[in-house]
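Engineer: fold the stuff below for me.
(chains A and B)
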Amino acid sequence: NSSWHNYGRMKDNLVYMASEQGDATLHFSLIWENGMLESIQVIENDKASRGGQIYATNTRGQVPPLVTTDCIIQDQGHASPRYIRCTTYCFPSSSDMAKQARIPLAAVIQPFAIVPPNETPLYVVNHGETGPIRCNRCKAYMCPFMQFIEGGRRYQCGFCSCVNDVPPFFFQHLDHIGRRVDHYERPELSLGSYEYVATLDYCRNNKPPKPPAYIFMIDVSYRNINSGLVKLICDELKTLLDKLPREEQEESSAIRVGFVTYNKVLHFFNVKSSLAQPQMMVVSDVGEVFVPLLDGFLVNFQESRSVVINLLDQIPEMFADTNESETIFAPVIQAGMEALKAAECAGKLFIFHSSLPTAEAPGKLRNRDDKKLLNTDKEKTLFQPQVNSYEALARDCVANGCCVNLFLFPNQYVDVASVGLVTMYTGGTLYKYNNFQVSLSDSNFLSDLRKDIEKTTGFDAIMRVRTSTGFRATDFFGAIYMNNTTDVEMAAVDCDKAVTVEFKHDDKLNEDSGALIQCAVLYTSISGQRRLRIHNIGLNCSSQLADVYKTCETDALINFFAKSAFKAILSQPLKIVREILVNQTAHMLACYRKNCASPSAVSQLILPDAMKVLPVYMNCLLKSCVLVARPEIPTDERAYQRQLVTSMGVADTQLFFYPQLLPLVSMLFSDSVPAAVRCSEERLSEGGAFLLADGLRVFLWLGVSAPPELIQGLFNVPSFAHISTEATSLPDLDNPFSKKLKSILEHIQSQKPYTMKLIIVKQREQSEMLFRQFLVEDKSIYGGASYVDFLCCVHKEICQLLS
Amino acid sequence: MATYLEFIQQNEERDGVRFSWNVWPSSRLEATRMVVPLACLLTPLKERLDLPPVQYEPVLCSRPTCKAVLNPLCQVDYRAKLWACNFCFQRNQFPPAYAGISEVNQPAELMPQFSTVEYIVQRGPQTPLIFLYVVDTCLEEEDLQALKESLQMSLSLLPADALVGLITFGRMVQVHELSCEGISKSYVFRGTKDLTAKQIQDMLGLSRPAVPTQQGRPLQTSEQPVISSRFLQPVHKIDMNLTDLLGELQRDPWPVTQGKRPLRSTGVALSIAVGLLEGTFPNTGARIMLFTGGPPTQGPGMVVGDELKTPIRSWHDIEKDNARFMKKATKHYETLANRTAANGHCIDIYACALDQTGLLEMKCCANLTGGHMVMGDSFNTSLFKQTFQRVFNKGFNGEFRMAFGANLDVKTSRELKIAGAIGPCISLNAKGPCVSENELGIGGTSQWKICSLDPSTTLAIYFEVVNQHNAPIPQGGRGAVQFVTQYQHSSTQKRIRVTTIARNWADAQTQLQHIEAAFDQEAAAVLMARLGVYRAESEEGPDVLRWLDRQLIRLCQKFGQYTKDDPNSFRLSESFSLYPQFMFHLRRSPFLQVFNNSPDESSYYRHHFARQDLTQSLIMIQPILYAYSFHGPPEPVLLDSSSILPDRILLMDTFFQIVIYLGETIAQWQKAGYQDMPEYENFKHLLQAPLDDAQEILQTRFPMPRYIHTEHGGSQARFLLSKVNPSQTHNNLYAWGQESGAPILTDDVSLQVFMDHLKKLAVSSAS
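Structural biologist: Numbering: from 1, shown residues only, chains lettered A, B, ... in the order given. Below is the predicted model of the structure:
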């Protein structure tokens, strides 16, 4: 091997030396030494330096710990990174600079993110009838960025600089440093995040909202009845309905529930508490669906318990001898939406559906999956809805505060791009269980359903992102609907949904005042209270590109790139989208090299410290099945993943694109919690066992010579050969191995929006093929480049750019 | 034969037929000069205790255009086994089964006393009767409760094998599935969207492989019941289930804001009922029974908007062309009625509300299909409860007094043609040689369909004499008419009733006195009244009255005896003497006068007038008044204000109302409580007598009349005062000089004035 390798560390930059071989062909390979260059190492370093500590958000433009690092966050005037995470914490001061660097300026906002119990929950500010205090000009809400002047009688808006009078009831004297005396007593003056109680002006039709409702809509066509799914759902609901979310101070949930079943027609159920038996009302006019009853459809579960239980007992029997195999879909959503509209409340639909809706009705779909379209200009149509009616339906749903949660159980193509559209636009969650079998895979589904029902959710929400002068929010990505360019409408927004907002310069930014962002979400709480949730964050501005590069946040960047790329595939061919990504990566790095790094040989690849892992992650994104067109990958799966990523937060995208690979053997044999390892085959060993999790799936990989006591402990079988890969869960065994693994799995699963499907993989067996796709640093069987190849490719691009 | 009166009565009892003329003028010209057309009132299923049905097929004339049924008027050659049709003179062979007949061994249909014969025939499989309840739920709690109880009760009255279905409506329309166990299930339809029969059947999941319909009834008995049984079930199978379902019916749950009417989708509910039966049971006896407590307020067939501040249309609005929904609604219901009639089903309307319910627009549903129309103030009244119960009354032989899907075929001898019919029927458009070009009523056909009828259902049938003056009929010639009614008996048997009648011809120029003597003035009055009422449905009121007056004057001119221009000389013979008086009361009746009646009431009155038999019709035209006093036994008295005396109790029967009126003195005695004193027991009996008589009427009549008990000066006394002839009014009270009877505060002319004018006009040489 004639190639020559060099590796060194210069200042804060990592420098890779590449040798030139032949005619300008770059051949590139690396020696990994002590894991220094692994993405894993970056994560571990951050964990080591900042993990477990208190991170106070008291400084503008401060870069928070990585999403993978556990720490306690203290709100001291800027929103916690759990709520807002930016791609860079220092904005370039001019648009020219921004264009030069081509670093996306974006914030990933997860307004309802869950905070761990050891952090303070949001304070609720109630100004009574006067409502929140807002700037007269830009309507920004009172926040730490407002500057009090004239002895506290007036304040200057930090966003638009307008000087406003302080309302008399809010007046307070200033202290010697010009700060209000009550600064620390008022959350809206001292905290980055807090809530306001909204007044009637903020309510639909100026009427106080009613508590939201959950409507369960079950596909009772032949297949679902036959597979036992309907019975499973009904049985589960009996216990789940006791766990509807409620405000902490309240005894029971204010959420009302309703039930609909459907196949080719819709069946509504009257479950009024005064009835001895539920009553079924069939609506067969699916062309113009309507709600056949008002009173008795949405009920308080506690009051109607016996009728509801009776109903849930009867539904599986009622349709036991059905032979209806055709289903409708759009009318189902329409019906749920009309029901909420008639009841004048917001709410969520839980739709349990399993087949392509082919019955004669609006939104009827045909199987249009066509592998011939792959890698053509028409490929994008596969990601677009088949008929326009779904978009109109989504608009109506959003307008009526109707969020659609969709649980899909497909055996074949169901056109996720069409049926999932309403879910996406209404802030709902899409769950998909391929080839669902009741006895095998119900635990995932049930746990998803349970979590979804219990989730903290804001209903009928409108989000507005305000910025200080000089820049503004221009693009929004997420499970949202936009009627105009500024108001982000969400029929519902739950704790896992994040909106990625891109900013552009209007003007030069002032380095002193920085770049301020205020995100206000107006929503209806689970108890039916109208509230405003405000998140504020201040970023720095600099005319030095180095400052910008120094404060970059790769995880947020990948989140942004993924969402914007997944949006772009609707209008552009995949090839172009991939090229743009590669190109932009190269551009960012080239710009850094040109402007910030010390001069070095052309063959050197120089990465800024904050972007050390960008190429790895970018390569993972490029290899994602959404962006790779291969006939082996089902179209529905791609559409599904595309939709999932669109609403993901930073932590979720990080894990999704760069799965966590944990070596089990050392973990189980000692009490230590060893670090994750690189997602590469070379890390696997015949004598090992590994867990790999990407947020949707968790693989348990077993080497052919894995320790027998481990196998015995986990599976209760004598040897490797006896392990069945059919199982979707591990047996509950009373031994330390099993218990430890269970607790590890639990830990991985915690805080994840989707219940990961457990897949057992034995080395050198067929199922290993699937597993290998997740070893993202290796060359993929679908043609994705290995990390090294990608670096090489990016380096080539950079060199071209620089020359 | 003693007198014509007896002859007429005999004929009516035997054949259920009353002719206006019982001797017929033999030429077209003379017939038109008789003013009153040659016509008859026919009660096709008149109850005959002495008529056992025969169990074979009727023998038909072999001429394809004739097909008259063998009857006693036919000439029979017993030796050659031939018979001659008395309508077309075709000579026919008897069928083989008649080989044994002779002069002494005649089949029933040849015997003179069997001018009416009923045949039971075997045709097609028998299908059970169907009762489909269509129930309004926008009712007051109390009303709904009463209605629910009535409906529950009715289940026990239905034939055990009858199929029953339930549709409820309010803002939405619900078709209830009756077969399912446990959970109650219904199909819901929007109340604002009209659907075609096909759509309805699709949505109810009834459209399965096409069933051959030329038979008119389902063939695959194995499959068809399965499809339809979800909504229509045998009573004996689901009566418990349905009783519970009815018991659980709630008021329409959709909120009704202040100042609004509830949204009531009657139009769509009926449409769905019709569509449901159309698809599943065409040409089977079926009743759609609509129970409604208010006007349709939305969707097709809406009669009034839901704003309470806009009142429902009145006659005034209609005259001013201000009833904006009327035309469209009427069209909707007419379409439904025609479809229903085409399927041989009928629609009953039971409307109970204090305000109007849209009977004007919906009337065709009952009128064209022979359904019942009942109007009351509330479902919680004995008027409704008992009337409804009487729908399921049984006749003397334990059979339901209802028959379905009748087809009336009228055949005439050559000198006659058929001008039309008026009654609860629709034309079957059967053109033929005996159909006249001149139409009276529903004409242009010799066959009519009566989808539902009972033993009292009576049709008026009008004829035209077409014999030319220059072709005299031989002496002793007789004209004949045959009525063939095929129908489904309540036992679901197919039956055919054949009535053949004959009347003598007479030359009006030489034998006018015969014709005159054979005039049936009662029948004539009713037949003319039916024509008048029929015209009133489409023409302006005053025009009809003018036409009626002109006919009366012409009749008086033709048959009166008088010296020209001398009113005092005017006399009418006995057979005409009552006729002018009938016309006087008819002019004042609610059938022709809309003043003081809502459009719904007019429709209601006219509905009943067009289907009742002669006796009841006469009561409607000229109510009966009985007087009870200490001076003697109860006696009928003149319907005149002079009959209202202080020491009398009056009982008036107007068909729709029974009024008991206590005279001034009687009322005072009653107030004083004499009836409770043992020494005045006879007074107690006097008070009781009219009550007992009223009960008797109330018990038998359908629909049950409104019962009014009032006294001198009572506000309800207006019912009596508005009916009696105002012989004493505030205008002439003092002229009469003596204090007898009660003056009526009215400007209406009295019978005396009417007669004076009539005489003057009749004798006038100017006209």
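
Engineer: for the rest of this, base every contact and every neighbour count on C-alpha atoms.
Structural biologist: Fine.

Engineer: pull the number of nearby residues for residue 554.
Structural biologist: Since you didn't name a chain, this refers to chain A. 23 (other C-alpha atoms under 10 Å in any protein chain shown).

Engineer: my question was about chain B, not that one.
Structural biologist: Residue B:554, neighbours per other C-alpha under 10 Å, totals 19.

Engineer: who's in contact with it?
Structural biologist: For residue B:554, the contact set (C-alpha atoms under 8 Å, 6 or more residues apart in numbering or on different chains) comprises B:35, B:762.

Engineer: for residue A:297, same thing?
Structural biologist: A:257, A:258, A:259, A:268, A:269, A:270, A:271, A:272.

Engineer: can you pull out the helices in the stretch 251-400 of chain A?
Structural biologist: In the stretch 251-400 of chain A, the helices defined using DSSP state H, counting those that start in this stretch lie at A:305-318, A:330-342, A:389-399.

Engineer: I'd assumed residue A:428 was in a helix, is it?
Structural biologist: No. Residue A:428: not assigned to a helix; according to DSSP: H, G, I helix; E, B strand; the rest coil it is coil.

Engineer: where does the stretch 651-800 of chain A dip in pLDDT?
Structural biologist: By pLDDT under 70, the weakly predicted segments of the stretch 651-800 of chain A are A:668-669, A:671-674.

Engineer: now it against chain B: closest residue?
Structural biologist: Residue nearest to chain B within the stretch 651-800 of chain A: residue A:755 (35.7 Å; C-alpha to the nearest C-alpha).

Engineer: remind me which helix or strand that residue belongs to.
Structural biologist: Counting by DSSP states H and E, no helix or strand carries residue A:755.

Engineer: count the neighbours of it for me.
Structural biologist: Residue A:755 has 22 nearby residues by other C-alpha under 10 Å.

Engineer: and what of the one 3 residues further on?
Structural biologist: Summarising burial for residue A:758: neighbours were counted as other C-alpha under 10 Å, giving 21.

Engineer: so who does the closest residue to it other than its chain neighbours touch?
Structural biologist: With C-alpha to C-alpha, 6 or more residues apart in numbering or on different chains as the measure, residue A:698 is the residue that lies nearest to residue A:758, at 4.9 Å, once sequence neighbours are left out. With contact set as C-alpha under 8 Å, 6+ apart, residue A:698 has these partners: A:691, A:692, A:756, A:757, A:758, A:759.

Engineer: now these as a markdown table including distance to residue B:569 and secondary structure?
Structural biologist: Below are the contacts of residue A:698 laid out as a markdown table (distance: C-alpha to C-alpha, whole Å; DSSP: H, G, I helix; E, B strand; the rest coil):
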| residue | distance to residue B:569 | secondary structure |
| --- | --- | --- |
| A:691 | 126 | strand |
| A:692 | 124 | strand |
| A:756 | 114 | coil |
| A:757 | 114 | strand |
| A:758 | 117 | strand |
| A:759 | 119 | strand |
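
Engineer: narrow those to just the buried residues.
Structural biologist: A:691, A:692, A:756, A:757, A:758, A:759 (16 or more other C-alpha atoms under 10 Å in any protein chain shown).

Engineer: list the beta-bridge partners for the second one.
Structural biologist: Applying DSSP bridges to residue A:692 gives these bridge partners: residue A:661, residue A:699.

Engineer: low-confidence ranges in the chain?
Structural biologist: Using chain A here. In chain A (pLDDT under 70), the answer is A:1-38, A:668-669, A:671-674.

Engineer: that was the other one, I meant chain B.
Structural biologist: In chain B (pLDDT under 70), the answer is B:1-2, B:180, B:207-229, B:733-741, B:766-767.

Engineer: show me where the stretch 601-750 of chain A has its strands.
Structural biologist: In the stretch 601-750 of chain A, the strands defined using DSSP state E, counting those that start in this stretch lie at A:604-607, A:660-663, A:689-693, A:697-702.

Engineer: can I get those strands in JSON lines including distance to residue B:117?
Structural biologist: Converted to JSON lines, the strands of the stretch 601-750 of chain A look like this (distance: least, C-alpha to C-alpha, whole Å):
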{"stretch": "strand A:604-607", "distance to residue B:117": "113"}
{"stretch": "strand A:660-663", "distance to residue B:117": "98"}
{"stretch": "strand A:689-693", "distance to residue B:117": "93"}
{"stretch": "strand A:697-702", "distance to residue B:117": "87"}
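
Engineer: so who does residue 544 touch?
Structural biologist: Chain wasn't specified; assuming chain A. Counting by C-alpha under 8 Å, 6+ apart, residue A:544 has contacts residue A:92.

Engineer: wait, chain B was what I had in mind.
Structural biologist: Counted by C-alpha under 8 Å, 6+ apart, residue B:544 has contacts B:532, B:535, B:536, B:592.

Engineer: and the host helix or strand of it, how far out from the chain middle?
Structural biologist: Secondary structure from DSSP H and E places residue B:544 in helix B:541-559. Counting by C-alpha atoms, centre = their mean, to the nearest Å, helix B:541-559 is centred 25 Å from the centre of its parent chain.

Engineer: please name every helix or strand in contact with the lengthiest strand in chain A.
Structural biologist: In chain A, taking DSSP state E as the definition, the longest strand is strand A:530-542. Under the contact criterion of 3 or more C-alpha pairs under 8 Å, 6 or more residues apart in numbering or on different chains; DSSP states H and E, strand A:530-542 touches strand A:90-92, strand A:193-197, strand A:515-524.
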